[in-house]
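**Q** following is a predicted model, sequence given first.
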Amino acid sequence: YEYLKPNKKAYRRFRIKSITGQNDYGSMQEVIFRRIERGLKELEMGSKGKFLPFPDLILLDGGLGHINAVKEILNHYPELNIPIWGLVKDHKHRLRALIYEEKSIEIPSSTPIYYLLNNISEEVHRFAITYHKKVRADNMLHSELNDIPGVGKVKRKALLKHFKNMENIKKASIEELLQIDGISDKIARNIVQHFN
């Protein structure tokens, strides 16, 4: 398994749109639906995009409930015939078994298949956490700068790119703010006044 490497170019993120609150099943259904629909659209257009080829296998971080939720979506696309497997964890969140077609297959620890599946699970978790942190940071930046007259989405991005974080923006002088494209003297003064 050591020669198997993640294909990071094929990673995709989905911001959940149709679900509010914590709903694992609903979120998984939305992601699978959007992933398949985007792939089908690319097929229809005859273009190579970000969502082809379709996966040979869907591996879910969850048990039978998660599998059944995703099957509800895949049942609408029988031509794809993608098998779904679930990663079952123990009470300490360690990989315990694989589940397929309602059958549980125990995965002995310290075996190559255990390490491969565990590494996949940890990589997905790492990727998701990194994304959630970015979304939270963007939301915080949006809310803190949103009330400043003249500072819209483009200027918020430019400020963060230049100053790296909110603390540096708060401490910036008018002269430092004026170094950023699109920040006029008036907007620079609005920013300094807002934080002081």
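**A** Thanks, I have it. Numbering: from 1, shown residues only.

**Q** any idea how far the closest residue to residue 4 other than its chain neighbours is from residue 122?
**A** Leaving aside its chain neighbours, residue 4 sits nearest to residue 116 (6.6 Å; criterion: Cβ to Cβ, 6 or more residues apart in numbering). Glycine gets a C-beta too; all of them are placed from N, C-alpha and C. In this view, residue 116 and residue 122 are 11 Å apart by Cβ to Cβ, to the nearest Å.

**Q** out of those two, which sits in the more crowded spot?
**A** The neighbour count for residue 116 versus residue 122, taken as other Cβ atoms under 10 Å, is higher for residue 116 (14 against 11).

**Q** how about the residue nearest to residue 178 when sequence neighbours are not counted, what does it touch?
**A** Once flanking residues are discounted, residue 178 sits nearest to residue 188: 5.3 Å by Cβ to Cβ, 6+ apart. Counting by Cβ atoms under 8 Å, 6 or more residues apart in numbering, residue 188 makes contact with 174, 177-178.

**Q** low-confidence ranges, the protein, go.
**A** Applying pLDDT under 70 to the chain flags residues 1-2, 131-132, 135-143.

**Q** the same query, at a cut-off of 80, please.
**A** 1-3, 19-22, 47-48, 130-144, 146-147, 166 (pLDDT under 80).

**Q** what segments of it are helices?
**A** 24-45, 64-74, 112-145, 153-163, 166-171, 174-177, 185-195 (DSSP state H).

**Q** between the ones you listed, which gets nearest to residue 93?
**A** Ranking the helices of the chain by proximity to residue 93 (Cβ to Cβ) places helix 112-145 first, at 9.5 Å.

**Q** what's the local residue count around residue 91?
**A** 6.

**Q** residue 151: neighbour count?
**A** Neighbour number of residue 151 under other Cβ under 10 Å is 20.

**Q** er, residue 128 actually
**A** 12.

**Q** kindly reformat the helices of the chain as TSV containing distance to residue 55.
**A** As requested, the helices of the chain are exported to TSV (distance: least, Cβ to Cβ, whole Å):
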stretch	distance to residue 55
helix 24-45	9
helix 64-74	11
helix 112-145	13
helix 153-163	33
helix 166-171	39
helix 174-177	47
helix 185-195	46
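
**Q** go through those and name the closest to residue 3.
**A** helix 112-145 (10.8 Å).

**Q** and residue 169, what does it touch?
**A** By Cβ under 8 Å, 6+ apart, the neighbours of residue 169 are 145, 159-160, 163, 191, 195.

**Q** farthest pair in those?
**A** Between any two of the contacts of residue 169, the greatest separation by Cβ to Cβ is 14.6 Å, found for 160 and 195.

**Q** who's in contact with residue 148?
**A** 187, 190-191, 194.

**Q** and those, which are buried?
**A** Burial by neighbour count, 16 or more other Cβ atoms under 10 Å: within the contacts of residue 148 this picks out 187, 190-191.

**Q** with these in mind, which one is nearest to residue 48?
**A** residue 187 (42.5 Å).
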